[in-house]
Every structure is written in C-alpha cells, then in structure tokens.
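*Asks:* Show me how the following folds:
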Amino acid sequence: MKKYGKKYREALTKYDPSKLYNPKDALRIVKEIAFANFDETVETAIRLGIDPTKADQRVRGTVVLPNGTGKSVRVLVFAKGEKAKEAEEAGADYVGAEDIAERITKEGWLDFEAVIATPDMMSVVGKLGRILGPRGLMPNPKVGTVTFDVAKAVKEAKAGRVEFRADRYGILHVGIGKVSFELDKLAENFAVLLDAVVRARPQAAKGRYLKSIAVSPTMGPSVKVDPLKVRDFIEEVGIS
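*Replies:* Below you'll find the predicted structure:
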C-alpha cells in the first residue's frame, strides 16, 4: 500500500474524498488543499465511456484555454520563406527546417513544448516521428499543428492551447492552470475543456459518456466531480 506524507494526509481531512462535488466547488477545494512549495498545476482526469481500441471511438482534440495554462510555452515552427517570417513575427521561439531537424536528431535538442509545421515540411518532420511522437510533440493536422496558418497556430500555442487525447484506458489527463489562478479563471478554463470534450464525443460511443471526473493539485489528492452537473456548470460559466 502506498504511504502518503503528513501534508497529503492533512489535505484529505479538509474535504470528503468520497463525495461528488460540483465542478466549481471541486476547484475551490483543490486551491485549499494544495501544499507544495511551488505553484502546482491543477490536473484533470476524465474517464470516458468509450472503447479506445476501436478507431471510431477515439477521442482527441485541442482547445485554447481562455486564461492560459500558467506555463511559458516555447514554440518550434518548421517552415520556410514567407511562412518562416510569419512564424517569427507571431512570436515563435524557434523557426527552421532541415537544420532544426538535424539538431534534434544529432544533438538530442528538445528545448520546446510545442511544434508546428507547414504541410510542405512534413517530409522533413515525419522523419522525427520516433523522437517527437512519444513526447506528444508530433505535429498533426487534426489538432491544428500542421497548417499554413502558422501565425494563428503560434498565437494559440502561446495563449494556452492544450491537446486532449484519451489513453488506452479511455482517460484524458489535462492541466487547466495553476492553483494560484483566481477561482473564476480556473472555472472558465475547466468549463471550456469540458465543453470541448463533450463536443468530441464519438457517434459510436454508447451509454454514459462522462464516466468519472476528478481534479487535483500536482502533489495533492484528487477531488471527485459530479459528471451530472457538468452541463449546468458549462452553461453557468457561459461557454455554450
């Protein structure tokens, strides 16, 4: 059995771990129980009623959190010519082509958190699949990271675009901000994410879609969210 530290056990006494809370109350509790000596990320775990082994039930997408993630995102763009210039003007941290690809393969350089590529550069980027893929950095047209509109993609990445993708157990893990965020800003980020996940429901998924939801600080225990109160929460925040 896993042993938890004193601060973790103290956090568990501040709420009922078995209770299902409405989303905003759950976030309020997360802010109260965070105990680490750094600004912890507020993590979400959403278990979906899907069969991730079936291609028509996979859930994946991106969403721009209106209040950002609280993290500084270094963006790499694979582009040439006018598109390279466009990326630089939009605020990309690194822009290049074969030179950047060579640096990644030969030097193991990975000092970036997001990768964007124009479609014509995918012949170069595709060779980096074994390096970028396992780290969740491989550009993909389905999530808007393979595009000729590099300015928009860079700005979204900088502003707080996050990718959500169900793992082999049908669970999404996404950070929605920092515990230092104001409660209303965390709530808005959470509502935007939940709305995007609900909209991404596969047609082939049967039964209850949102099976269970929990939020937690990086180092602390999780707080359960009532899936039946998600719709009202989204409407209350004013997302849809």
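*Asks:* can you give me the offset of stretch 217-235 from its chain's centre?
*Replies:* 16 Å (Cα atoms, centre = their mean, to the nearest Å).
*Asks:* what's the burial count for Met219?
*Replies:* 17 (other Cβ atoms under 10 Å). Heads up, the C-betas are built off the backbone N, CA and C, glycines and all.
*Asks:* how close does the residue nearest to it when sequence neighbours are not counted get to Lys6?
*Replies:* Counting by Cβ to Cβ, 6 or more residues apart in numbering, Met219 lies nearest to Ala36, which is 4.4 Å off, once chain neighbours are set aside. Ala36 sits 13 Å away from Lys6, going by Cβ to Cβ, to the nearest Å.
*Asks:* Next one: Leu228 from Arg208, what distance?
*Replies:* On the measure of Cβ to Cβ, Leu228 and Arg208 end up 9 Å apart.
*Asks:* ok, then the element right after the longest helix seen in the chain?
*Replies:* Ordering each helix of the chain by length in residues (DSSP state H) puts helix 183-199 first. Moving toward the C-terminus from helix 183-199, the next helix or strand (DSSP states H and E) is strand 210-217.
*Asks:* neighbouring contacts of the helix or strand following that next one?
*Replies:* Counting by DSSP H and E, the next helix or strand C-terminal to strand 210-217 is strand 223-225. Strand 223-225 has contacts (Cβ atoms under 8 Å, 6 or more residues apart in numbering) with 15, 17-23, 26, 29-30, 33, 212-216.
*Asks:* Tell me how this protein divides into domains.
*Replies:* Under the assignment automatic domain parsing, the domains of the chain span 6-69+161-237, 75-159.
*Asks:* Pipe the ones you listed into a markdown table and attach mean pLDDT per row.
*Replies:* Formatted as a markdown table, these follow (pLDDT from 0 to 100):
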| stretch | mean pLDDT |
| --- | --- |
| domain 6-69+161-237 | 94 |
| domain 75-159 | 94 |
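*Asks:* can you pull out the helices in the chain?
*Replies:* So, for the chain - with DSSP H - the helices run 6-12, 23-33, 81-90, 98-107, 122-125, 129-132, 150-159, 183-199, 230-237.
*Asks:* So which of those helices is nearest Tyr169?
*Replies:* helix 183-199 (15.4 Å; Cβ to Cβ).
*Asks:* hmm, who's touching the closest one?
*Replies:* By Cβ under 8 Å, 6+ apart, helix 183-199 touches 23-24, 27-28, 31, 42, 44, 46, 48, 59, 61, 63-67, 160, 162, 164, 172, 174, 176-177, 181, 209-210, 213, 215, 230-231, 233-234, 236-237, 239-240.
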